[in-house]
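Visitor: the following block contains a protein sequence and its predicted model.
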Amino acid sequence: MPLALTNAALIDCVRPGVARGASVQIENGRIAAVSDRGGSVPKGAEVIDLGGAHLLPGLWDVHVHLEWPRVPSATVAELTVQYAENAARGLTEAGVTAIRTAGVPHFIDVALKRACASGRMVGPRIFAGGWFLTTTAGHALGTGFAKTCDGPTGFLRAIREQMENGVDHVKLNLSGGVFGPSWDRHWHSFLLTEELEAAFAICRQRGYPVVAHATNPDAVKAAIRLGAHSVEHGYIMDEECVALLRERGTWYVPTLGITHLTPAQASSAWEARWVEQRGLTPDIVKRAEDAAPEHRRWFQRALAAGVKMALGSDLRPLRDSALLEMGLWVKDGATPWQALLAATRHAAELCGARADLGTVEVGKIADLIAVRDNPLDDVHHLRSLLLVLKDGRVVADHRRADAAA
Ligand SMILES: [Zn+2]
């Protein structure tokens, strides 16, 4: 049955601003018509009067790991159940309608992607990357989602296994991190030239985008020059990195939450509560706070330079992650409009889905959310979630709870 969403304050993520009194018609899961003022409702259509609420594209998070909480001894079966719940709640409780995974063990993300796409499970659209590929003495070794590879042959084999298991992209770890043991620091680079060249060559040959964890100028430049699709983190960069990102059109996903969410930096009750649950050790808090000012500077520099950027949080769980990260973008100087585009249109473009998703336009798949308050006034208003639609179907309706609150 066709569906009409009427009386909406539309933020289509194409034209800046809000179009009040708009309506959107949906047929067969896609947007059939968008009218700025009223517009006729097709015969037999189900009508949802949004009562002036804000209607916008569903949110994306393009840097996601699905474990929450981390249970060191969890079996694959337990992880699968946990990830499915995390993904489903991200969709229904935060309006995250699509994610790109950046390290998930046992190809659980590929299985979830298929289950969600077939309609057997309610969950977000998933662009799956499988394992996080690193080296012995690499990064993220304690997480359960890292696979160690050494030497060109080690990388070739692991990447081919990823392909065989149905990933959409390859996550490659080029350098250290903010979280980790003393020999895993973000200014350390891990791969030898021959390992890098082999890993990128096989991805290029088979047409798989490389999602490059790169955290220092050496790693960022190597990733861009070898053809990475996106650079993740970029805690330390230099002007040459920014110029190369622009020149090659490489995406940058800054993951501000990694360095910006510590007890001393939390600036709202919600952030403070989340940070407390995060439970970082004093050593990691110090590492994050030491890294934050420079991270912020390169985020601001890239934003000002017009580097292509999309929103990826690297935070958990999914019901908080994108919303926290968007708040940090704004705290660091992005406008709510820039943060919203990063989490919708630009994220969809990064995932190669621009033709079908990321904006409210005729012909696109109807992955949409409605929120009570205007997120362009305050990006945190995205938390006043009323409705979530995926493929044109309502998958979460919080209107009654909102009215009662
Ligand atoms: Zn990550």
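Guide: Structure's in. What do you need? Owing to the predicted nature of the structure, the values given are computational and were not obtained by experimental measurement. Numbers count the residues shown, from 1 in each chain.
Visitor: low-confidence stretches in this protein?
Guide: 38-39 (pLDDT under 70).
Visitor: nearest the geometric middle of it, what residue?
Guide: Asp61 (1.7 Å; C-alpha atoms, centre = their mean).
Visitor: contact partners for it?
Guide: The contact partners of Asp61, taken as C-beta atoms under 8 Å, 6 or more residues apart in numbering, are 90, 96, 99-100, 311-313, 318, 321-322, 325, 343, 347. The C-beta positions use only the backbone N, C-alpha and C, and glycine is treated the same way.
Visitor: swap in 10 Å and give it another go.
Guide: Contacts for Asp61 (C-beta atoms under 10 Å, 6 or more residues apart in numbering) come out as 90, 94, 96-102, 124, 253, 310-315, 318, 321-326, 343, 347.
Visitor: which members of the residues you listed occur in helices, if any?
Guide: Gly90, Ala94, Leu318, Ser321, Ala322, Leu323, Leu324, Glu325, Met326, Ala347 (DSSP state H).
Visitor: quick check: closest non-adjacent residue to the last one.
Guide: Okay, so that is Ala347. Residue nearest to Ala347 in three dimensions, not counting chain neighbours: Trp60, with 3.4 Å by C-beta to C-beta, 6 or more residues apart in numbering.
Visitor: okay, and that neighbour sits in which element?
Guide: Using DSSP states H and E, Trp60 sits within strand 59-64.
Visitor: then that strand to CSV, C-alphas only?
Guide: Extracted C-alpha coordinates of strand 59-64, given in CSV (Å, rounded to 0.1, in the frame of the first residue of the first chain):
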residue,chain,number,x,y,z
LEU,A,59,21.4,8.4,9.6
TRP,A,60,24.6,6.5,8.6
ASP,A,61,27.7,5.5,10.6
VAL,A,62,30.5,4.5,8.3
HIS,A,63,33.0,3.3,11.0
VAL,A,64,31.3,0.7,13.1
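Visitor: list the buried ones in that strand?
Guide: Neighbour counts over strand 59-64 (16 or more other C-beta atoms under 10 Å) mark Leu59, Trp60, Asp61, Val62, His63, Val64 as buried.
Visitor: the fifth one against Gly312, yeah?
Guide: What that stands for is His63. Yes: between His63 and Gly312 a contact is recorded at 2.7 Å, counting by C-beta atoms under 10 Å.
Visitor: list the residues that contact both of these two?
Guide: 99-100, 102, 211, 230, 232-233, 253-255, 257, 321-322, 325, 347.
Visitor: filter those residues down to the ones close to the ion.
Guide: For the ion, the contacts drawn from the shared contacts of His63 and Gly312 by C-beta under 5 Å from the ion are Ala102.
Visitor: show me which of the shared contacts of His63 and Gly312 is closest to Asp218.
Guide: Asp218 has its nearest neighbour among the shared contacts of His63 and Gly312 in His233, at 13.5 Å by C-beta to C-beta.
Visitor: who are the contact partners of that closest one?
Guide: With C-beta under 10 Å, 6+ apart, His233 has these contacts: 63, 175, 177-178, 186, 212-216, 219-220, 252-256, 258-259, 291, 295, 298, 312, 314.
Visitor: equivalent analysis for Gly103, please.
Guide: With C-beta under 10 Å, 6+ apart, Gly103 has these contacts: 63-67, 109, 129-134, 139-140, 143-147, 171, 173, 211, 213, 314.
Visitor: just the ones in helices from those, please.
Guide: Asp109.
Visitor: for the ion, give me its nearest residue in the stretch 251-400 of the chain.
Guide: Asp314 (4.1 Å; C-beta to the ion).
Visitor: check contacts around that residue.
Guide: Asp314 neighbours (C-beta under 10 Å, 6+ apart): 61, 63-65, 102-103, 177-179, 213, 232-233, 253-258, 321, 325.
Visitor: find the nearest non-adjacent residue to it, please.
Guide: Asp314's closest residue in space is Thr255 (C-beta to C-beta, 6+ apart), at 4.1 Å.
Visitor: quick one, what contacts the one you found?
Guide: Neighbouring residues of Thr255 by C-beta under 10 Å, 6+ apart: 62-63, 102, 178, 213, 215, 232-235, 295, 299, 311-315, 325, 328.
Visitor: same check, this time on Arg297
Guide: Arg297 neighbours (C-beta under 10 Å, 6+ apart): Ile236, Met237, Asp332.
Visitor: let's verify the residue nearest to Asp320 when sequence neighbours are not counted: helix, strand, or coil?
Guide: Using C-beta to C-beta, 6+ apart and skipping the chain neighbours, the partner closest in space to Asp320 is Trp274 (5.9 Å). Under DSSP: H, G, I helix; E, B strand; the rest coil, the three-state class of Trp274 is helix.
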